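In: Next one to model:
(4 chains, ligands or ions: 4)
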Amino acid sequence: MSQSQTSTSAGRRMTMGKALNAGLRRALEADPKVVLAGEDIGKLGGVFRITEGLQKDFGEDRVIDSPLAESGIVGTAVGMAMRGYRPVVEIQFDGFVYPAYNQIVAQVAKMHHRSRGLVPMPMVIRIPFGGGIGAVEHHSESPEAYFAHTAGLKVVSCSNASDAYWMIQQAIALDDPVIFLEPKRRYHEKGEVDEDATPAPLHRARVVREGTEATLLAYGPMVKTCLDAAEAAAEEGRALEVIDLRSVSPLDMQTVATSVQKTGRVVTVHEAPVNLGLGAELAARITEQCFYSLEAPVLRVGGFDTPYPPARLEDHYLPDLDRVLDAVDRSLSY
Amino acid sequence: MSQSQTSTSAGRRMTMGKALNAGLRRALEADPKVVLAGEDIGKLGGVFRITEGLQKDFGEDRVIDSPLAESGIVGTAVGMAMRGYRPVVEIQFDGFVYPAYNQIVAQVAKMHHRSRGLVPMPMVIRIPFGGGIGAVEHHSESPEAYFAHTAGLKVVSCSNASDAYWMIQQAIALDDPVIFLEPKRRYHEKGEVDEDATPAPLHRARVVREGTEATLLAYGPMVKTCLDAAEAAAEEGRALEVIDLRSVSPLDMQTVATSVQKTGRVVTVHEAPVNLGLGAELAARITEQCFYSLEAPVLRVGGFDTPYPPARLEDHYLPDLDRVLDAVDRSLSY
Amino acid sequence: MSEHSGSSGGELVQLLTPQGERIDHPDFSYSGSDDEIAAHLRDMVLVRRIDAEATALQRQGELGIWTSLLGQEAAQIGAGRALRSQDVVFPSYREHGVAWCRDVDPLRLLGLFRGVDLGGWDPHAAKFFLYAIVIGAQTLHATGYAMGLEKDGEVGNNDPERDAAVISYFGDGATSQGDVNESFVFASSYNAPVVFFCQNNQWAISEPIERQSRIPLYRRADGFGFPGIRVDGNDVLAVKAVTEQALERARSGNGPTLIEAFTYRMGAHTTSDDPTKYRLDDELEQWRGKDPIERVKAYLSRAGAIDQAWLEELQAESDALAVRLREDCLTMPDPDVAASFENVYAEQTPYLAEQQAAYAEYTASFEEGN
Amino acid sequence: MSEHSGSSGGELVQLLTPQGERIDHPDFSYSGSDDEIAAHLRDMVLVRRIDAEATALQRQGELGIWTSLLGQEAAQIGAGRALRSQDVVFPSYREHGVAWCRDVDPLRLLGLFRGVDLGGWDPHAAKFFLYAIVIGAQTLHATGYAMGLEKDGEVGNNDPERDAAVISYFGDGATSQGDVNESFVFASSYNAPVVFFCQNNQWAISEPIERQSRIPLYRRADGFGFPGIRVDGNDVLAVKAVTEQALERARSGNGPTLIEAFTYRMGAHTTSDDPTKYRLDDELEQWRGKDPIERVKAYLSRAGAIDQAWLEELQAESDALAVRLREDCLTMPDPDVAASFENVYAEQTPYLAEQQAAYAEYTASFEEGN
Ligand SMILES: Cc1ncc(C[n+]2csc(CCOP(=O)(O)OP(=O)(O)O)c2C)c(N)n1
Ligand SMILES: Cc1ncc(C[n+]2csc(CCOP(=O)(O)OP(=O)(O)O)c2C)c(N)n1
Ligand SMILES: [Mg+2]
Ligand SMILES: [Mg+2]
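Out: Ligands and ions are numbered 1, 2, ... in the order given. Below you'll find the predicted structure:
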């Protein structure tokens, strides 16, 4: 049922958090130029323990606790990249990336172009993102559109342990800067990770469930939500196709268009506010590319166009199975 | 031909720059709580002379030269707003707003909501934006989508002297934070300003030219480009409707939808990169709201999805009359 | 390389030793009576009790997270009680003790951590602004507010009822943040009436102070042209004396001061944190000997200003407070989803109104459906 | 309130007076020969000529804008000639003199201001990174690069051929920016081999230095725990001596230094600026007496190290350089639109490739149409 390009030989079962840790470890082993930097990533192993044990094993020179200053973290990473390093930066929570926004959009994103390729920026900026963990303000944001609108950056998000393991390594190996969005509420979900597989290309979307009546497009935390929705729909006899975009920028429109040409109906799902969220770009491009295939407008499910609410309201704010299926119903009613 | 709600009695002819200066002056006169802050806005009157003479007339206490730190400028403006002031902040160029991004999206945008309305943020952040002036890097950017995606902010752009005069005053009078985008390459264009008129509501779009065959949607600097395109099209017998959105967030979808229902074809035009630019949101919403009226997908004309190029390439990057008409042709060919 | 001194040494202002002995300082003195000191003790005991109850509530799942002030009571009560009613506070997220001094109902603090709101008190009424979670942001707000005070002529009138100052709290880690340094630039440039109160509790989550600075933090002010001073943050008398002087300096138009309150975070960073991963029990043990409450008890007992009965009464009061807080917390109503849409704008947009209506319709249909 | 001292005073390192007399300083000395000093003079005269030619080219519409270094030649040549070949430079947008010392063809600088590229030299080959227009950003890059040098073991080997340092240039206004202060935090925390070179030219566009700081800027370093020093920025000997020492300190593993070169922006901020709006001729006149070139000429003439013939030869050289620069500028090819799409990514995306192809098709059809 899954088109996953990873080999089917059984791997190890682990959480997404552990898979990221294993992926980072392998990247540190593979290339001495890989360095990790961020707040509390050393002894503590990061507030989500994604870097647990790495400073102990690779030393303070390669796994660097940074002063509490995000612009400084990213700005010095730019300098390290200029010196030939491949910095992997951790931003502690989504809501704390904005102090580094200037360095990211004006420096990281533009350096390769500005220098006509002479100064590449092989940098990964890891951001645990999204809601659903009952956190206080600034700990549940989905800033992907802010980065995807920025030329020069690549933006990806993993939705499962296997992708987490592979995509982090691919992102680190890439000579372009990558905003790497980790769905923090899925850190504890387990999956099979085959460490000998050949991973799918980083920017390739994946059909994670085939169907015929409508296409659900998601990435990161919402992939599971969409799979659950498709499962529920199947019980009512409706076959929904689910695509895990994996890459938010660039978008793999070929995989998307193939699906839309089959189903004729699309629902996009993300946690970020709808207005100018990824759903907008998807809707625009799909309508451009598949105008005659669409039976209904692309419908968008997302967070409200409000600040992220206090925890006791987040279940309203966050798209869930029901809101996805409601949109599917509306799409089918066209 | 124009639906302008301003009265038709003749006003003074002035440049957009002078109109902004006059609007700021009137706002300073009208409310002692209005203060202006920014780099070089005092004696120099700002690098574009928009605040010329204001410090001389209103004093250093109300027209404040700020230290060279955008986060500090916006962050202290937050504090002044908390104290009951209505700060109007100037960011010297579009590309220098990013150091303040954190304060804008995490503080300015959220304060009213966070405080359940107890701490309003009546702040205007003026940004001369866009290209076309042959400037060096970071001086020609169009960051509107970064702000429009942020709940809690309002985003507007003026396209002519009269709107500049009125909209700046309306933005200052509004109790919400407004990102006020000034099309710097139009600063020197002249228009009629009637200082006794009743202005249109701030967030209302305006049909600036009526037509039947397709709708051009633009704001700020591209309104003139679209009017020129419509004029050229008219010479070939094609009647294009042009809408000046004026408000980028919230969007006046009613005015847009009315037009689209009439024309069935839409081209959006902005300088910002296409990917996740305003055109994406417009395309998504128009397709949702006018699915059965559309004869063609909404087509988008915008900057390339690249960093802003060096000046000698900006004529390629920036949408012009020909690129707009090319998109109209493509739309009509559906 | 590191010049961090311990808690003693000439540069640290101290008026009450860990053993509870009052000592003199050439520049600072505490002028209050023993009754006032007893009032500080009461404050400290009560906020420690509030803190403990909140921690317990979090452990029981009633709060999402809690930021404990354990060990920092003297820094907060000393500074909080130095304020005049017209002064204005810009806290970070750990200033429960200062909130207490501003008469903010502790229940309102719990609301934020329970996730029922984003800060449930009235910042203007309390002259205590909302908690700031993004490190450092509030120091610029404080500076801007102080600039506003100055514009309003509320500074330098030689009128103790009117002249006002602003105080902004932040941690040792925060001093690395650009915003905090920019607030120093602006405060200095405009000579703003603001006191920067840094609680150096030695840790920014897992990072020791040495990661942020290799010299004592109070010296940061030197670089910006205004005075910095280090005070024993576990000494409520010294903190109050130092803060009073800095506030008075601000109120009278003499500009900003940086206070570094040298203290210690006795607990975890938050209830989500596990400090055993990064710090040694030794250190904790050493600081236990400098407890801000014990030294005041020792002094007052020795001075005969309090006795066992007084302490028992305080114990009873603090237990009652905790019971009340717990009850109120458990019965705090959940917010209505309408709150998500309200106040996003002062002038609601049609778009958001439609979104709200559509969601209401959706949930309604859903309820019908069930 | 302001403690800004003038250009004289005990705290300012000076080795050559405006009158061209060499003076001693207890901590710094210039050890080069008169021939070397003559070489500095030649550098300064040539970069001033380049600058004048660029200004003229801008006036004639050949450049979009130009950032003149007039008056800052000694600060830049002194610092630039203090570098060893392995040292690495992170400039702001006015360091044409330092670029000269790094053998960057001045034509390449013009490319940026003519709008044919975003920086046309090879930063790695020149060990001179691209101009940074967003104020302060480069100071963090410099610090990170310096951290990398340290990791690579290129520091503290006692090997003059190998030990390397980084130098970062910025203005007085830049010191207010968060990034610059964060770079001080990081450099201090990691003891990075970086020299922060602030050209205090008294103005940030129209804002006098007093808006940014009420104490001398070199003292900012005090607050971050590393040395700061103020040098007469119009004295090429002093600048070289001070910078050499700071670089050596960095190379040998002793960490960062802040140098404040006290100088003056003799021209407009850029060719777009009109300084008559905000500053007085008096000030300019006063600084004219401290010209960085005249004092060296005076010294060398008096010492008999140069004569009229030497100066005439230099004049001829500089005129030839200007002619060459002008010619090359006028014939600099415009970029191809393909350059817009190239190098946006190291691995081009299909999306952007399609956009490029579509645009190529569009322009082609257009040309056919004509
Ligand atoms: C901009 C930003 N980055 C990161 C965080 C995550 N964070 C929360 S508290 C904290 C440590 C703060 O340390 P310190 O300033 O010493 O204050 P303390 O918690 O010790 O009172 C960090 C890194 C944040 N809240 N904001
Ligand atoms: C972040 C940012 N804000 C504003 C500007 C606009 N700007 C360009 S130069 C300048 C003044 C810089 O002054 P200073 O740091 O003293 O350097 P100088 O130009 O005097 O060499 C300003 C405000 C900018 N380039 N970057
Ligand atoms: Mg701390
Ligand atoms: Mg300057």
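In: Run a quick neighbour tally on the closest residue to C:Asp307 other than its chain neighbours.
Out: Leaving out its chain neighbours, the residue that sits closest to C:Asp307 by C-beta to C-beta, 6 or more residues apart in numbering or on different chains is C:Ser301, at 7.3 Å. C-beta coordinates here come from the backbone N, C-alpha and C atoms, glycine included. When neighbours are counted by other C-beta atoms under 10 Å in any protein chain shown, C:Ser301 registers 15.
In: and whichever strand or helix holds C:Ser301, what does it pack onto?
Out: In the assignment (DSSP states H and E), C:Ser301 maps to helix C:292-303. Contact here means 3 or more C-beta pairs under 8 Å, 6 or more residues apart in numbering or on different chains; DSSP states H and E; on that basis helix C:292-303 packs against helix C:34-59, helix C:73-80.
In: What residues sit buried inside the longest one?
Out: For helix C:34-59, the buried set under the neighbour-count rule, 16 or more other C-beta atoms under 10 Å in any protein chain shown, comprises C:37-38, C:40-51, C:53-55, C:57-58.
In: try the last one
Out: Buried positions in helix C:73-80, judged by neighbour count with 16+ other C-beta under 10 Å: C:73-80.
In: that older thread, out of the buried residues of helix C:34-59, which touch chain B?
Out: Checking these against chain B by C-beta under 8 Å from any C-beta of the partner chain, not one of them is in range.
In: which of the residues you listed are close to ligand 4?
Out: Restricting these to those within reach of ligand 4 (C-beta under 5 Å from the ion) leaves nothing.
In: The residue of the stretch 1-150 of chain C at minimum distance from ligand 1 - how many residues pack around it?
Out: Among the residues of the stretch 1-150 of chain C, C:Ile135 lies closest to ligand 1, at 3.6 Å counting by C-beta to the nearest ligand atom. C:Ile135 has 26 neighbouring residues, counting by other C-beta under 10 Å.
In: Just confirm it contacts C:Asp172, I think it does.
Out: No: if you go by C-beta atoms under 8 Å, C:Ile135 and C:Asp172 don't touch, sitting 10.9 Å apart.
In: so C:Glu161 is in which element?
Out: With DSSP H and E as the criterion, C:Glu161 is inside neither a helix nor a strand.
In: For it, give its distance to chain B.
Out: The gap separating C:Glu161 from chain B is 19 Å, by C-beta to the nearest C-beta, to the nearest Å.
In: low pLDDT regions in chain C?
Out: Residues of chain C meeting the criterion pLDDT under 70: C:1-10, C:368-370.
In: Looking at it, which residue is nearest ligand 1?
Out: Closest contact between chain C and ligand 1, by C-beta to the nearest ligand atom, is at C:Gly171 (2.1 Å).
In: And that residue, its phi and psi?
Out: Backbone torsions for C:Gly171, taken as degrees, to the nearest 10, come to phi -100, psi 180.
In: For the residue lying closest to it once chain neighbours are set aside, pull up the helix or strand it's in.
Out: Distances taken as C-beta to C-beta, 6+ apart place C:Gln199 nearest to C:Gly171, at 5.8 Å, with adjacent residues excluded. Using DSSP H and E, the secondary-structure element containing C:Gln199 is strand C:194-200.
In: what does C:Glu367 give?
Out: Counting by DSSP H and E, the element that carries C:Glu367 is helix C:350-369.
In: Next: A:Asp329.
Out: When elements are defined using DSSP H and E, A:Asp329 is found to belong to helix A:321-332.
In: what do you get for A:Phe180?
Out: strand A:178-183.
In: got the contact list for that strand?
Out: Applying C-beta atoms under 8 Å, 6 or more residues apart in numbering or on different chains, the contact partners of strand A:178-183 are A:16, A:20, A:50, A:104, A:123-130, A:144, A:147, A:153-159, A:164, A:167-168, A:171, A:220-221, A:248.
In: so what's the residue nearest to C:Lys127 when sequence neighbours are not counted bridging to?
Out: Excluding the flanking residues, the one nearest C:Lys127 by C-beta to C-beta, 6+ apart is C:Val88, at 4.7 Å. Beta bridges link C:Val88 to C:Val166 when assigned by DSSP bridges.
In: Surely the residue of chain C closest to ligand 1 is in contact with C:Asn200?
Out: Yes: contact between C:Gly171 and C:Asn200 holds when scored by C-beta under 8 Å: they sit 7.5 Å apart.
In: show me what contacts the residue nearest to the spatial centre of chain C?
Out: In chain C, the C-alpha closest to the average C-alpha coordinate belongs to C:Glu95, at a distance of 2.4 Å (C-alpha atoms, centre = their mean). Shown in contact with C:Glu95 (C-beta under 8 Å, 6+ apart): C:69, C:76, C:89, C:131, C:169.
In: which of these come close to chain A?
Out: Counting by C-beta under 8 Å from any C-beta, nothing from the contacts of C:Glu95 sits close to chain A.
In: Pick out the most distant pair among those.
Out: Distances among the contacts of C:Glu95 were taken as C-beta to C-beta; the most separated pair is C:Leu69 and C:Val89, at 14.7 Å.
In: Please name the residues that touch residue 121.
Out: Going with chain A. Each residue near A:Met121 by C-beta under 8 Å, 6+ apart is listed here: A:78, A:81, A:108, A:111-112, A:175-177.
In: That was the other one, I meant chain C.
Out: Under the criterion of C-beta under 8 Å, 6+ apart, the contact list for C:Trp121 reads C:99, C:104-105, C:108-109, C:128, C:130.
In: From B:His112, how far out is it?
Out: Note on C:Trp121: its distance to B:His112, by C-beta to C-beta, to the nearest Å, is 16 Å.
In: which SS state does A:Thr51 fall under?
Out: For A:Thr51, the reduced secondary structure class is coil; criterion used: DSSP: H, G, I helix; E, B strand; the rest coil.
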